[in-house]
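> how would this look folded up:
(one chain, ligands or ions: 1)
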Amino acid sequence: MAATEFALYIEDLSVSFDGFKAIDSLNLYIDKNELRVIIGPNGAGKTTLLDLICGRTRATQGSIKFKDEELTRLPEYARVRRGIGRKFQTPSIYENLSVFKNLEVSFPAGRSVLGSLFFKCTDEVLARVQVVAEEIGLADKLDTEAGLLSHGQKQWLEIGMLLMQEPELLMLDEPIAGMSARERELTAELLKRICKNRSVIVIEHDMAFVAQIAHKVTVMHQGKILAEGSMDKVQNDPKVIDVYLGH
Ligand code: ADP
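Numbers count the residues shown, from 1 in each chain. Next up is the predicted model:
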């Protein structure tokens, strides 16, 4: 397969921790505007894979290309600049600032939180905040203090803070953890919206949610890909059933 066909092109990727192969010769290809969900039992290597893509962990072997550019040896901040965004489970928002300010300070102009409190927001930033606020469904909450948002709204705000940086690949780790049923619904809609303009990779355990959002599912086990394809296909794969039932 040619790298140019894909947004993210991973070949023969491995990482070892003290001789233990957490990721083992893995190939993964993600299309532009694809929403890929990665599932697999605990310890399968899902988090480590995202750590390798964003540069938090360095590969022992293999290649990670994003839009045809080799990322494998670039540090984490350089990958952010090339359009890789990663959200972790715990929200890291500024609780005592408004939703607007949280988004504004995330604009990648190198302005500090303190600076943005005293200087006027440019039209460009203002326009971007409006677009992102619409995208994350918080356009009517711009003046609300972030600490007063619900758990789900805080998660969406953090996604919005990443969107301010205009990522072309967004990676989310269990985005609906701790959410109400209604918030899960809205998160599914939000993810479907944001993958129209970028690729998205989600790690998720909730199979009903996976079925609702995934264009394609990758099942990981022991650092390798066990199965890949539509939710229907992987759900009925005997290897996947074996791993989940622990045979
Ligand atoms: P998952 O996200 O699928 O639950 P992880 O990627 O967290 O799996 O972990 C895969 C394996 O790699 C586990 O056995 C874990 O203990 C091991 N591992 C992950 N990170 C490290 C590390 N920094 N040092 C040692 N072992 C690690």
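
> so T218, which of the three states?
Under DSSP: H, G, I helix; E, B strand; the rest coil, the three-state class of T218 is strand.

> which residue is nearest the centroid of this structure?
Here the mean C-alpha position of the chain is nearest to the C-alpha of M171 (CA atoms, centre = their mean), at a distance of 1.3 Å.

> report the separation between that one and G85.
The span separating M171 from G85 equals 7 Å under the rule CB to CB, to the nearest Å. (Glycine included, C-beta is placed from N, CA and C.)

> what is the helix or strand hosting K233 packed up against?
Secondary structure assignment for K233, by DSSP states H and E: helix 231-235. Contacts defined by 3 or more CB pairs under 8 Å, 6 or more residues apart in numbering; DSSP states H and E place helix 231-235 against helix 207-213, strand 216-221, strand 224-229.

> cutoff 6 Å now
strand 216-221 (3 or more CB pairs under 6 Å, 6 or more residues apart in numbering; DSSP states H and E).

> direction included, what does the strand it packs on pair up with?
When pairs are called by DSSP bridges, strand 216-221 turns out to pair with strand 35-39 (parallel), strand 224-229 (antiparallel).

> tell me how far it lies from the chain's centre.
Between the centre of strand 216-221 and the centre of its chain there are 15 Å (CA atoms, centre = their mean, to the nearest Å).

> if we go by neighbour counts, what in it is buried?
The neighbour-count criterion (16 or more other CB atoms under 10 Å) identifies K216, V217, T218, V219, M220, H221 as the buried residues of strand 216-221.

> what's in contact with that strand?
With CB atoms under 6 Å, 6 or more residues apart in numbering as the test, strand 216-221 has contacts from 36-40, 44-46, 225-228, 231, 234, 240, 243.

> near the ligand, which of those show up?
Filtering the contacts of strand 216-221 for proximity to the ligand (criterion: CB under 6 Å from any ligand atom) leaves G40, A44, G45, K46.

> and the first one, what does it touch?
Okay, so that is G40. K46, V219, M220, H221.

> could you do the third one as well?
In this structure, G45 makes contact with A22, I23, M220, G223, judged by CB under 6 Å, 6+ apart.

> again with the last one
Contact criterion CB under 6 Å, 6+ apart gives I38, G40, I203, M220 as the residues in contact with K46.

> tabulate those residues (CSV), appending pLDDT and distance to D68.
Formatted as CSV, the entries for the contacts of K46 read as follows, by pLDDT from 0 to 100; distance: CB to CB, whole Å:
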residue, pLDDT, distance to D68
I38, 98, 23
G40, 95, 28
I203, 97, 25
M220, 97, 25
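
> which member of those is positioned nearest the ligand?
G40 (5.5 Å; CB to the nearest ligand atom).

> name the nearest residue to that closest one, sequence neighbours excluded.
Counting by CB to CB, 6 or more residues apart in numbering, M220 is the residue found nearest to G40 once chain neighbours are left out, at 3.6 Å.

> burial measure for D68, as a count.
The burial metric for D68, expressed as a neighbour count using other CB atoms under 10 Å, is 12.

> a markdown table please, covering the strands paired with strand 216-221 and showing mean neighbour count.
A markdown table is the format used below for the strands paired with strand 216-221 (neighbours: other CB atoms under 10 Å):
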| stretch | mean neighbour count |
| --- | --- |
| strand 35-39 | 24 |
| strand 224-229 | 18 |
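
> what's the following helix or strand after the least confident helix or strand in the chain by mean pLDDT?
Within the chain, no helix or strand scores below helix 113-118, which has a mean of 57 by mean pLDDT, DSSP states H and E. Towards the C-terminus, the helix or strand next in line after helix 113-118, according to DSSP H and E, is helix 123-135.
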